[in-house]
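[1] Have a look; sequence and predicted model below, questions after that.
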Amino acid sequence: MTDPQVEILWPSSLPSSPAEEGQDVLRAAGIDADCMLLPTRRGAADIVLVLLTTAVMEPFLRTVFQKLAEDAHQGLKAFTDRLLKPTSDATPAPQCVVYELPTGGRVTFTGDVPDQGYEQAVGLDARNENWTWDSRHAMWVPS
């Protein structure tokens, strides 16, 4: 695996400080990270895209997030929570954070994904599917 790279595509309709902080956290961990503001689109939901450079999510997450926390899933949760957190009571937060792989696989995190979901995500082979958390079955499912 090559050195991991991350691009955070942040909606320009939201304050950019969480994205900039996320970029700084990744860079401090030695990850090549860039944050770009997306233009506001009429009717579009405020979704954050995190673009990854590796085809399989598990090795990437382990490489990146074990640098941020003792366990990869804890680092993933802390990083995702940072992006989902509103900057103030008056400012909305993104609706979700989508991790996108170069193969087209996508994993969508919302604020209600439990710790168990982050643990499962670290081992998820997301290659060509779009995955969402199914709270009823407590598992990731292709959508």
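    The structure has been received and is ready for your questions.
[2] I'd like the next helix or strand past the helix or strand bottoming out on mean pLDDT in the chain.
    Lowest by mean pLDDT, DSSP states H and E among the helices and strands of the chain is helix 57-65, with a mean of 63. For helix 57-65, the following helix or strand on the C-terminal side (DSSP states H and E) is helix 72-84.
[3] Go ahead and confirm L52 touches V6.
    Yes: judged on CB atoms under 8 Å, L52 makes contact with V6 at a distance of 6.4 Å. Just so you know, the C-beta spots here come from the backbone N, C-alpha and C atoms, and that holds for glycine as well.
[4] Next, the buried residues of the host helix or strand of C35.
    Using DSSP H and E, the element containing C35 is strand 32-38. Neighbour-count burial for strand 32-38 flags A33, C35, L38 (criterion: 16 or more other CB atoms under 10 Å).
[5] tell me which strands and helices it is in contact with?
    Other helices and strands packing on strand 32-38, by 3 or more CB pairs under 8 Å, 6 or more residues apart in numbering; DSSP states H and E, are strand 5-11, helix 17-28.
[6] how about CSV for these, with mean pLDDT added?
    Converted to CSV, those look like this (pLDDT from 0 to 100):
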stretch, mean pLDDT
strand 5-11, 87
helix 17-28, 88
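[7] any chance of those in CSV, with distance to A72 and mean neighbour count too?
    Below are the helices and strands packed on strand 32-38 laid out as CSV (distance: least, CB to CB, whole Å; neighbours: other CB atoms under 10 Å):
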stretch, distance to A72, mean neighbour count
strand 5-11, 15, 20
helix 17-28, 14, 17
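[8] I'd like the ones you listed as TSV, with distance to G117 appended.
    Below are the helices and strands packed on strand 32-38 laid out as TSV (distance: least, CB to CB, whole Å):
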stretch	distance to G117
strand 5-11	20
helix 17-28	19
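[9] Which among the ones you listed is found nearest to T132?
    Among the helices and strands packed on strand 32-38, the nearest to T132 by CB to CB is strand 5-11 (18.9 Å).
[10] Which strands or helices does the closest one pack on?
    Counting by 3+ CB pairs under 8 Å, 6+ apart, strand 5-11 packs on helix 17-28, strand 32-38, strand 47-52.
[11] which stretch among these comes nearest T91?
    With CB to CB, the closest approach to T91 among the helices and strands packed on strand 5-11 belongs to helix 17-28: 9.6 Å.
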